[in-house]
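S.K.: Provide a 3D model corresponding to the input given below.
(2 chains)
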Amino acid sequence: MAILPTNVKQQVEEMFSQIGDPIKMILVDEGGKSELDQLLSELDALSPKLSYHRATTSDIARYGLEEESLPSILLEGPEGLSRARFTGAPAGHEFGVLVQDIIDLSQGKIELSEATKRYLESLTEDVHLQVFTTPT
Amino acid sequence: MAMYSPHVVAEMVDANEFWDLTRKHNVRGVPKTVINEGRHYVEGAVPEDHLVKAIKAVVGA
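M.R.: Numbering: from 1, shown residues only, chains lettered A, B, ... in the order given. Now for the predicted structure:
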C-alpha cells in the first residue's frame, strides 16, 4: 500500500516541477523493510530530477553520522552533501519541510536576511542545530 | 543557515522516535532547537533574528 495518498502525490509532483538541479535523496539506516524507504521511493517516482540511494550503517562515517541518529535522510545537490538533514521520519509538518528543502537546494535558494548572511559568513566555529519536532 | 554556511549543520529530529535525545535535552514542547549539544536552546518557532541571537550566545558575535 502506498504511503502517500494520491492527492498528496499530485501536489508534490506539481511542486517538484520547480526542481532545478538534480537532487539525490540518501537514506542511511539498518536496511530491511521500512516506511522511510517506501516514502523516499514514492517521492523518487515524482520527479525525473530526483534520485534515491539507500546506504547502510557501514556508510555512517562517510556521511558524518552517528549510529544513534539513524535512520537519517540526507540530500545531495550540485555542491555536494547538504548540511541540512533529517533524523527519523519527516512526518506531519516536516514532510513539507523535506519537500521544500529539496526544491530550495535544487535552486540554490537561500531565504535569509542580509544581516543573517553577514553573521554566518563571519562564523569561525561550528554550529550544530538540532530541531526537535513531532508529527502533528 | 546550513545551506548557506559550511560551519552550520541543521538536523530535524523526530522527537517521538529519538527518546534518548529528547530526554537528554529535556524536550517538553516542540519545536525546540538545541544548539551545540545543549549549550543553549530556543523554544518555539522563533523569528530568524531570535535564532541568530541564540547562536551568538554560544559561539560569539
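S.K.: can you tell me if stretch B:30-50 touches chain A.
M.R.: Yes. Part of stretch B:30-50 sits close enough to chain A to count as contact by Cβ under 8 Å from any Cβ of the partner chain, namely B:Val30, B:Pro31, B:Lys32, B:Thr33, B:Val34, B:Ile35, B:Asn36, B:Glu37, B:Glu48, B:Asp49. Using the backbone N, CA and C atoms, a C-beta is placed for each residue, glycine as well.
S.K.: Name only those of the residues you listed that count as buried.
M.R.: By the neighbour-count criterion of 16 or more other Cβ atoms under 10 Å in any protein chain shown, these include these buried positions: B:Val30, B:Pro31, B:Lys32, B:Thr33, B:Val34, B:Ile35, B:Asn36.
S.K.: Put the alpha carbons of the helix or strand the fourth one falls within into PDB.
M.R.: Pointing back at B:Thr33 there. With elements delineated by DSSP states H and E, B:Thr33 resides in strand B:32-35, which encompasses its position. Only the C-alpha atoms of strand B:32-35 are listed here, as PDB (Å, rounded to 0.1, in the frame of the first residue of the first chain):
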ATOM      1  CA  LYS B  32      12.700  23.100  20.400                       C
ATOM      2  CA  THR B  33      16.100  23.900  18.900                       C
ATOM      3  CA  VAL B  34      19.200  22.700  20.700                       C
ATOM      4  CA  ILE B  35      22.400  24.500  19.900                       C
END
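S.K.: what's the farthest-apart pair in the buried ones among the residues of stretch B:30-50 next to chain A?
M.R.: The two members of these with the most space between them (Cβ to Cβ) are B:Val30 and B:Asn36, at 19.2 Å.
S.K.: circling back: for the strand holding B:Thr33, name the packing helices and strands.
M.R.: Secondary structure elements in contact with strand B:32-35, counted by 3 or more Cβ pairs under 8 Å, 6 or more residues apart in numbering or on different chains; DSSP states H and E, are strand A:127-133, strand B:40-43, helix B:48-59.
S.K.: Adding mean pLDDT and distance to A:Gly80, write these out as CSV.
M.R.: CSV is the format used below for these (pLDDT from 0 to 100; distance: least, Cβ to Cβ, whole Å):
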stretch, mean pLDDT, distance to A:Gly80
strand A:127-133, 96, 18
strand B:40-43, 95, 28
helix B:48-59, 96, 23
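S.K.: Would you mind finding the most buried of these?
M.R.: Looking across these with neighbours counted as mean count of other Cβ atoms under 10 Å in any protein chain shown, the highest average goes to strand A:127-133: a mean of 22.
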